[in-house]
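[1] please find the sequence and the predicted model below.
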Amino acid sequence: MKILNVKQIRELDAATIQNEPISSLNLMERASQAFVKWYEGRFDTTKSISVFCGKGNNGGDGLAISRILSGKGYHVRVFVIEYTKDASEDFQQNLVKIENLIQVKSVYEINAMPEFVDDHVIIDALLGSGLSRPAEGLLAEVIKKINDAPGPIISVDIASGLYVDKSNEKADTIIEPDHTVTFQLPKLAFMMPQNAAFTGDWHVVDIGLNEKYIADASTPYHFTDQSSGEALVKFREKFSHKGTFGHALIMAGSYGKIGAAVLSSRACAHSGAGLLTVHVPECGYEILQISLPEAMISVDQNRNYIASVPELDSFSAIGIGPGIGQEALTVRVLDELLSKIKVPLIIDADALNILSKHPDLLEKLPAKTIVSPHPKEFQRLAGESANEYDRLELARNFAQKHNVIICLKGAYTAVILSDGDVHFNSTGNAGMATGGSGDVLTGILTSLLAQKYTPENAAIFGVFQHGLAGDKAAKKKTKTAMIASDIIDNLGW
Ligand SMILES: NC(=O)C1=CN([C@@H]2O[C@H](COP(=O)(O)OP(=O)(O)OC[C@H]3O[C@@H](n4cnc5c(N)ncnc54)[C@H](OP(=O)(O)O)[C@@H]3O)[C@@H](O)[C@H]2O)[C@@H](O)CC1
Ligand SMILES: Nc1ncnc2c1ncn2[C@@H]1O[C@H](COP(=O)(O)OP(=O)(O)O)[C@@H](O)[C@H]1O
Ligand SMILES: [K+]
């Protein structure tokens, strides 16, 4: 699924109107019907509704939604906030359509706002994708008043005051909805943790916008939804054998952190690699052998941390990093590995921290190496950013400059390809915010690389699979009780 910018969204609207063809008023009607269909599935007619409309097309949607809901037996109050004399054409037409059906109250000053009762639903149709500056004056006061209301808030298309594709300032006044019902495509703003309060649960409703425009639109931003994630799976051929699926090498663990090696190795074995060798310091030998008899163990000469690179000839992909520590000899191991490696590589955790401290090693990274930092590791690697949009740009530049693939981990992990394209992941949940989840991802990615997934597909599909398994684990055990091992136990489909 693509994520488009504001200009493209406007063009998409126009392309639909022109090519279908459909009048813009009827397109607004279709969008409003789609919103109402979503609403009916959630709230019954016992709950009263207050709809707050601005005077652009988002407000026009609000008026149409009010009329349709009222026709379905909902008790609806409608308020138009009079922050300007100008109103869009479709807003005006919808005002005429509603006039004899529901009383519309004009709000010229904050004291004219209604009082709210507990289970009263608020629909926010003040400002949509046309936001061009922060909400101020009466609009800002209204937004604050709505945010203080006890009942649920549902934003039409996007929370009023939130930009679609660029960062707000901290001081901006923005609606804090429980739900956002957005039209046709997810918005870039929804991907950013900084906007969590201004997004709520978001839902995309199909309003039949022009498919050709969407297919042709050029954008770096994509969303790996269920269908695009599942489409990447490589099914096993009938006559395949273990040699078909590659031989993965995982280099992980140090004294006190052998668990990281166990987690990444188990995840690797459960993700389809034909063979798996785990290189661990001596102290990890028995632990690994017992916890994962399916793996072969390559025992380092050093007791407590990895100090040597094993013979690499037989491996088809290598993952390094979980729990390895940053001892001087381990730094040398990473250096030597980067000089010798001829197969796809994934670098995570302490191996990333070593890269941050030894930036000269960055120049040695083989093309299309996958790096999987969480935000703190990425900051160590690439530096600070003022906000998450800037961080994403920094990551896109970093990926292009070093010709690597970055899995920037988070609620919507961003897989950033070496051409700068970004694929936000749709799966996963806050139950995965627990020690070891990242080690599991490293194992999955190593496994997919060993199976000859392209590094791009390995990263996108691996992150998707990881989140999917996390979602299954949360369903069975709850987000609170699940641990990283549960993600492994729920791999597969
Ligand atoms: N695209 C689609 O597919 C479809 C879109 N639809 C709907 O249309 C919505 C977009 O409509 P829209 O373009 O009229 O924008 P919207 O936000 O309602 O108002 C813009 C007006 O507000 C003004 N303004 C801006 N910021 C302001 C501020 N802080 N304080 C005060 N004023 C401010 C701005 O002024 P200007 O920037 O021109 O000075 C302009 O006059 C979209 O979100 C969706 O709900 C559906 O109906 C059909 C399918
Ligand atoms: N709130 C969340 N929603 C979805 N996924 C999450 C969330 N929090 C963490 N995760 C996922 O869990 C993993 C955590 O990785 P990481 O921070 O490296 O953990 P660790 O170092 O403990 O293994 C990442 O893949 C991340 O995307
Ligand atoms: K809105």
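    Looks like it came in fine. Numbering: from 1, shown residues only. Ligands and ions are numbered 1, 2, ... in the order given.
[2] contacts and neighbour counts: CA atoms only from here.
    Fine.
[3] what kind of secondary structure is the closest residue to ligand 1 within the stretch 301-450 of the chain in?
    Ligand 1 sits closest to residue 389 of the stretch 301-450 of the chain, with a gap of 20.2 Å, by C-alpha to the nearest ligand atom. Three-state call for residue 389 (DSSP: H, G, I helix; E, B strand; the rest coil): helix.
[4] ok, now which ones touch it?
    166-167, 192 (C-alpha atoms under 8 Å, 6 or more residues apart in numbering).
[5] which residue packs closest to residue 380, ignoring adjacent ones?
    Excluding its sequence neighbours, the residue lying closest to residue 380 (C-alpha to C-alpha, 6 or more residues apart in numbering) is residue 356, at 5.8 Å.
[6] what sits against the one you found?
    So residue 356 contacts 380-382 (C-alpha under 8 Å, 6+ apart).
[7] going by neighbour count, which of these comes out on top?
    Greatest neighbour count in these, by other C-alpha atoms under 10 Å, goes to residue 381: 21 neighbours.
[8] nearest residue to the residue nearest the centre of the chain other than its sequence neighbours?
    The chain has residue 412 as the residue nearest its centroid, 2.0 Å off, counting by C-alpha atoms, centre = their mean. Leaving out its chain neighbours, the residue that sits closest to residue 412 by C-alpha to C-alpha, 6+ apart is residue 425, at 5.1 Å.
[9] ok, that neighbour to ligand 2 distance?
    For residue 425, the distance to ligand 2 (C-alpha to the nearest ligand atom, to the nearest Å) stands at 9 Å.
[10] what's around that residue, how many residues?
    By other C-alpha under 10 Å, the residues close to residue 425 number 27.
[11] give me the number of residues near the residue of the stretch 201-350 of the chain found nearest ligand 1?
    Nearest residue of the stretch 201-350 of the chain to ligand 1: residue 209, at 6.7 Å (C-alpha to the nearest ligand atom). Residues within reach of residue 209, counting by other C-alpha under 10 Å, total 21.
[12] and the closest residue to it other than its chain neighbours, how close does it get to residue 464?
    Excluding the flanking residues, the one nearest residue 209 by C-alpha to C-alpha, 6+ apart is residue 16, at 5.5 Å. From residue 16 over to residue 464 the distance is 32 Å, taken as C-alpha to C-alpha, to the nearest Å.
[13] between the two, which has more neighbouring residues?
    Per other C-alpha under 10 Å, whichever of residue 16 and residue 464 has more neighbours is residue 464, with 26 against 20.
[14] what helix or strand does the more buried one sit in?
    Following DSSP states H and E, one finds residue 464 within helix 455-477.
[15] the very next helix or strand once past that helix: which residues count as buried?
    Per DSSP H and E, the first helix or strand lying C-terminal to helix 455-477 is helix 484-489. Buried positions in helix 484-489, judged by neighbour count with 16 or more other C-alpha atoms under 10 Å: 484-488.
[16] can you check stretch 471-491 too?
    Using 16+ other C-alpha under 10 Å as the test for burial, stretch 471-491 gives 471-474, 479, 482-488, 490-491.
[17] tell me the phi and psi of residue 169?
    Main-chain torsions, residue 169, degrees, to the nearest 10: phi -80, psi 160.
[18] how about residue 52?
    According to degrees, to the nearest 10, residue 52 has phi -110, psi 120.
[19] quickly list what it is bridged to.
    residue 79, residue 124 (DSSP bridges).
[20] so it sits right up against residue 114, yeah?
    No. Between residue 52 and residue 114 there is no contact under C-alpha atoms under 8 Å: 10.7 Å.
[21] who's more crowded, those two?
    Set side by side, residue 52 and residue 114 show more neighbours around residue 52, with 27 against 13, by other C-alpha under 10 Å.
[22] that one: what's it in contact with?
    Counting by C-alpha under 8 Å, 6+ apart, residue 52 makes contact with 59, 62, 78-81, 122-126.
[23] repeat for residue 3
    Contacts for residue 3 (C-alpha under 8 Å, 6+ apart) come out as 185-188, 219, 221-223.
[24] those residues in strands, which ones?
    221-223 (DSSP state E).
[25] quick check, nearest of those to residue 37?
    In terms of C-alpha to C-alpha, no member of those lies closer to residue 37 than residue 223, at 23.7 Å.
[26] what's the neighbour count on that closest one?
    Using other C-alpha under 10 Å: residue 223 sits among 23 other residues.
[27] ditto for residue 444
    Neighbours around residue 444, by other C-alpha under 10 Å: 32.
[28] so it is in which element?
    Per DSSP H and E: residue 444 is located in helix 437-450.
[29] could you do residue 352 as well?
    Assigned by DSSP H and E, residue 352 falls within helix 349-357.
[30] C-terminal to that helix, what's the next element?
    Toward the C-terminus, helix 349-357 is succeeded by strand 370-371 as the next helix or strand (DSSP H and E).
[31] got the angle between the next helix or strand after that next one and helix 349-357?
    Scanning forward in sequence from strand 370-371 by DSSP H and E, the next helix or strand is helix 375-382. Interaxial angle, helix 375-382 versus helix 349-357 (axes from the mean of the first three to the mean of the last three C-alpha atoms, to 10 degrees): 30 degrees.
[32] report the mean confidence score over helix 375-382.
    In this model, helix 375-382 carries a mean pLDDT of 97.
[33] find me the pLDDT at the closest residue to ligand 2 within the stretch 151-300 of the chain, would you?
    With C-alpha to the nearest ligand atom, the shortest gap between the stretch 151-300 of the chain and ligand 2 falls at residue 260, namely 7.8 Å. The model reports residue 260 with a pLDDT of 98.
[34] doesn't residue 439 make contact with it?
    Yes. Contact between residue 260 and residue 439 holds when scored by C-alpha under 8 Å: they sit 6.0 Å apart.
[35] what touches both of those two?
    Joint contacts of residue 260 and residue 439 (C-alpha under 8 Å, 6+ apart) are residue 322.
[36] rewinding a little: farthest pair in the buried residues of stretch 471-491?
    Farthest pair in the buried residues of stretch 471-491 (C-alpha to C-alpha) is 479 and 491. Separation: 16.3 Å.
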